[in-house]
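*Asks:* Here is a sequence with its predicted model. Questions after.
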Amino acid sequence: MSNSEFMSVKAVSKGFGVVKALTDVTLDFRAGEILALVGENGAGKSTLMRIVEGAFAPDMGKIAVEGIEQSFAGPRDAHALGIRVIHQEPEIVPHLSVGENIFIGQQPRHLGFFLDRKTLNEKTARLLADFGMEHELSANQHCDGLGPAQRQMIEIMRAVHAGGRLIAFDEPTSSLTDEEARRLFAIIRRLREQGVAIVYISHRLNEIIELADRIAVLRDGQLVDVGPKEGATEASITRKMVGRDLKELFPAKNDELGDVVLSVDGMTTDHVSDITLNLRAGEVLGIGGLMGAGRSELAKGLFGFHRRTAGRVVLAGAALPPGDTAAAIQAGMGLAPEDRKEEALLLMQSILDNAVICIPDLVTRNGLFSKSRALGVISDIARRMAVKAPSLDTPVGRLSGGNQQKVVITRWLARQPKVLILDEPTRGIDVGAKSEIYALIRNLTKTGLGVIVISSEMPELIGLSDRILVMAEGRITAEFSGEAMTEENILRSAMPVSARGTPIHEGAL
């Protein structure tokens, strides 16, 4: 394993209009090393990677590969030198096969024209075996039905096959199960041993500490720190990222709770069985469990997306009919789903348009949309939510993940709900924005709102919740409160029945 410099950026700056995305950034990327790149949303990480892969040209500064200054006309030039960035959304052509995607642009051909499928399949099979994917993927398999981990693995194999010498991973575990993430880490470490320069970008600081050799911190477009991983803690990295001490990441919990606002007795759908729970006004009820345990399905059952086949759901004294989301909304329930971009937001539409979707009765006049009425309802809520945007006419797709989540919550607050369900409320959100979301959730409970939080992040689940219900195989298996809310207790209860009694590995959730 070598630690020689493979690539460097020197005094690089990049602006977009009046916005300065990067200012005078100097950083080297070394062969046989994992460099973690961290920073809040908007810190400049993506812009720097776009420059590294040739998608953007710097306004000022130099790029060098193996000591030779380079000027990329586009990503093709960077690819030719072995530089690849694997983005959070893998770039896969769905109607092509696994083999065609891996070898795209380099597919073996007869007479330089006809696809040599036999050779393609043989090369693909060897590559799949090398990455331990021969039982999950096949060369001729089409890619339109593949999951996030499989699509990501295709991109990694494409980069490695093409002679990748610097591979950057941008939030690679955001859609992966724990087992898929562990497999990815093993592959990244193997690439490091083979002398590949690795850049690893993640908001999950525990992953950074586990994987990185060096850590580089960007803040407001400037490189504020770079150094060895030794001695780094989540708290010390956070301090550098946000420029302040987040001593109280999780606000104090409420001392007194109100009456039961949501009562669920024996709820069963096609996805969950015999769900019984109570939620009190002012309470944060956490839902924990492994991927696939049925947490999101529980939320969709409560909200009426999944039709109930047995049991009762009573909200503020009113029994909700099965499979009726409109009735749930009318009774005072809101749901911020796990995938806000796909399931909650119209990214091309404005903040205002997104915020008023659930209150047509409040923003129309004589059956027609009234912008003045909409502004009258939403402006004050958006201000209290501290949505950071030039105006409420800003397209939601231009906002950071944290501000997008605030828009989803703003939508529900406009309906003055009694219960709000938040499924993975801080997924893809940086630590500074997480702090804001946590404070927001607690402030909402102080108004008497009951909140259900579903989270895969153990510190978040424990730090936010007054009580935690744990799920496994579509059922609630345990309830914890107070000092009993520990990672070990939660993880043991989250294991499928067949796996109970097996050793608990750190980081398994």
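*Replies:* That came through fine.
*Asks:* does residue 225 count as helix, strand or coil?
*Replies:* The three-state label given to residue 225 by DSSP: H, G, I helix; E, B strand; the rest coil is strand.
*Asks:* so it touches residue 217, yeah?
*Replies:* Yes - Residue 225 lies in contact with residue 217 (Cβ atoms under 8 Å); the separation is 4.4 Å. Glycine gets a C-beta too; all of them are placed from N, C-alpha and C.
*Asks:* any common contacting residues for those two?
*Replies:* residue 240 (Cβ atoms under 8 Å, 6 or more residues apart in numbering).
*Asks:* between the two, which one's more packed in?
*Replies:* Neighbours of residue 225 and residue 217, each counted by other Cβ atoms under 10 Å, are more numerous for residue 217; the result is 25 against 16.
*Asks:* What residues does that one make contact with?
*Replies:* 38-39, 223-226, 237, 240-241.
*Asks:* at 7 Å instead, please
*Replies:* Residues in contact with residue 217, defined by Cβ atoms under 7 Å, 6 or more residues apart in numbering, are 38-39, 224-225, 237, 240-241.
*Asks:* do residue 485 as well
*Replies:* Contacts of residue 485 by Cβ under 7 Å, 6+ apart are 462, 465, 468.
*Asks:* Could you dump the residues you listed into a markdown table and include pLDDT, secondary structure and neighbour count?
*Replies:* Below are the contacts of residue 485 laid out as a markdown table (pLDDT from 0 to 100; DSSP: H, G, I helix; E, B strand; the rest coil; neighbours: other Cβ atoms under 10 Å):
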| residue | pLDDT | secondary structure | neighbour count |
| --- | --- | --- | --- |
| 462 | 91 | helix | 18 |
| 465 | 95 | coil | 24 |
| 468 | 97 | strand | 27 |
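*Asks:* Between those residues, which sits nearest residue 273?
*Replies:* residue 468 (19.4 Å; Cβ to Cβ).
*Asks:* Tell me where the model's unsure across the stretch 351-500 of the chain.
*Replies:* 497-500 (pLDDT under 70).
*Asks:* for it, what spans make up the helices?
*Replies:* 351-355, 371-385, 401-413, 431-445, 458-464, 487-494 (DSSP state H, counting those that start in this stretch).
*Asks:* by how many degrees do the third one and helix 371-385 diverge?
*Replies:* Spelled out, that is helix 401-413. 120 degrees (axes from the mean of the first three to the mean of the last three Cα atoms, to 10 degrees).
*Asks:* just the angle between helix 401-413 and helix 431-445, please?
*Replies:* Inter-element angle recorded for helix 401-413 and helix 431-445: 20 degrees (by the same axes, to 10 degrees).
*Asks:* Name the residues that touch stretch 137-149?
*Replies:* 92-99, 101, 120-121, 124-125, 128, 150-151, 154, 175-176, 180.
*Asks:* Phi, psi for residue 8 please.
*Replies:* Backbone torsions of residue 8, given as degrees, to the nearest 10, read phi -150, psi 150.
*Asks:* CA atoms of stretch 178-192 as PDB?
*Replies:* Extracted C-alpha coordinates of stretch 178-192, given in PDB (Å, rounded to 0.1, in the frame of the first residue of the first chain):
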ATOM      1  CA  ASP A 178     -26.600  -2.700   7.700                       C
ATOM      2  CA  GLU A 179     -25.300  -5.800   6.000                       C
ATOM      3  CA  GLU A 180     -25.000  -4.000   2.600                       C
ATOM      4  CA  ALA A 181     -23.100  -1.200   4.300                       C
ATOM      5  CA  ARG A 182     -20.700  -3.700   6.000                       C
ATOM      6  CA  ARG A 183     -20.000  -5.300   2.600                       C
ATOM      7  CA  LEU A 184     -19.400  -1.900   1.100                       C
ATOM      8  CA  PHE A 185     -16.900  -1.100   3.800                       C
ATOM      9  CA  ALA A 186     -15.000  -4.300   3.200                       C
ATOM     10  CA  ILE A 187     -14.800  -3.500  -0.600                       C
ATOM     11  CA  ILE A 188     -13.600   0.100   0.200                       C
ATOM     12  CA  ARG A 189     -10.800  -1.300   2.500                       C
ATOM     13  CA  ARG A 190      -9.800  -3.800  -0.200                       C
ATOM     14  CA  LEU A 191      -9.600  -1.000  -2.800                       C
ATOM     15  CA  ARG A 192      -7.400   0.900  -0.400                       C
END
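*Asks:* how far is it from where the chain is centred?
*Replies:* Computed by Cα atoms, centre = their mean, to the nearest Å, the separation of stretch 178-192 from the middle of its chain amounts to 18 Å.
*Asks:* Same question for stretch 106-118.
*Replies:* Distance, centroid of stretch 106-118 to centroid of chain: 39 Å (Cα atoms, centre = their mean).
*Asks:* Then stretch 253-267?
*Replies:* 29 Å.
*Asks:* Can you list the low-confidence ranges for this protein?
*Replies:* Looking at the chain by pLDDT under 70, you get 1-2, 18-19, 111-112, 244-248, 497-509.
*Asks:* buried ones in the helix or strand harbouring residue 328?
*Replies:* Element membership for residue 328, per DSSP states H and E: helix 325-331. By 16 or more other Cβ atoms under 10 Å, the buried positions in helix 325-331 come out as 327-329, 331.
*Asks:* At the geometric centre of the chain, which residue sits there?
*Replies:* The chain has residue 428 as the residue nearest its centroid, 3.3 Å off, counting by Cα atoms, centre = their mean.
*Asks:* Counting neighbours, what do you get for the spatially closest residue to that one that is not a sequence neighbour?
*Replies:* The shortest distance from residue 428 to any non-neighbouring residue, by Cβ to Cβ, 6 or more residues apart in numbering, is to residue 401 (4.5 Å). Neighbour count for residue 401, taken as other Cβ under 10 Å: 19.
*Asks:* Noted, bye for now.
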